[in-house]
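K.L.:
Dropping the sequence and predicted coords here.
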Amino acid sequence: MHKYKDLKVWQKAVQLTKLIYELTSVFPTEEKFGLTNQIRRASVSIPSNIAEGAGRNSDKEFVQFIAIATGSCYEVETQLIIAIELKYLESADNVFKLIEEIQKMLFTFSNKLKTNIK
């Protein structure tokens, strides 16, 4: 069992989720149940899956949840690109940098966990 709140990647994923909520607050009202909801759910999925994996019985299971969190990270990135293409946002460079940092951290953490799997 891991202490997920101590994991830097979990802390950064929570920070990302807060930023996504702030960014999407300016999306058009008609997107409330569309892109706004989808990108928020995907961003919440990242720290949630890290936390859920931390509570599992083995590093092998944890790696699976890290993989899901990684997928959600790419989903958020894609949805931000779409939001920019739709002109809902001008740019989100700081958020893209944070996403890239989280992706790298998840990759490194997953590899570290895999070395513990017997």
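P.N.:
Cool, the structure landed.
K.L.:
wouldn't T70 be in contact with K104 here?
P.N.:
No - applying CB atoms under 8 Å as the test, T70 and K104 come out as separate, 10.3 Å apart. (Glycine included, C-beta is placed from N, CA and C.)
K.L.:
So for these two, which sits in the more crowded spot?
P.N.:
T70 (20 against 11; other CB atoms under 10 Å).
K.L.:
can you pull the contacts of the more buried one?
P.N.:
By CB atoms under 8 Å, 6 or more residues apart in numbering, the residues touching T70 are Q103, L106, F107, S110.
K.L.:
what's the helix or strand for the spatially most central residue of the chain?
P.N.:
For the chain, I46 is the residue whose C-alpha lies nearest the centre (CA atoms, centre = their mean; 3.4 Å). Element membership of I46, judged by DSSP states H and E, is helix 35-54.
K.L.:
and the next element down the chain from that helix?
P.N.:
Using DSSP H and E, the helix or strand that follows helix 35-54 in sequence is helix 59-85.
K.L.:
which parts of that following helix are buried?
P.N.:
For helix 59-85, burial by neighbour count (16 or more other CB atoms under 10 Å) applies to 59, 61-63, 65-66, 68-70, 72-73, 75-77, 79-80, 83.
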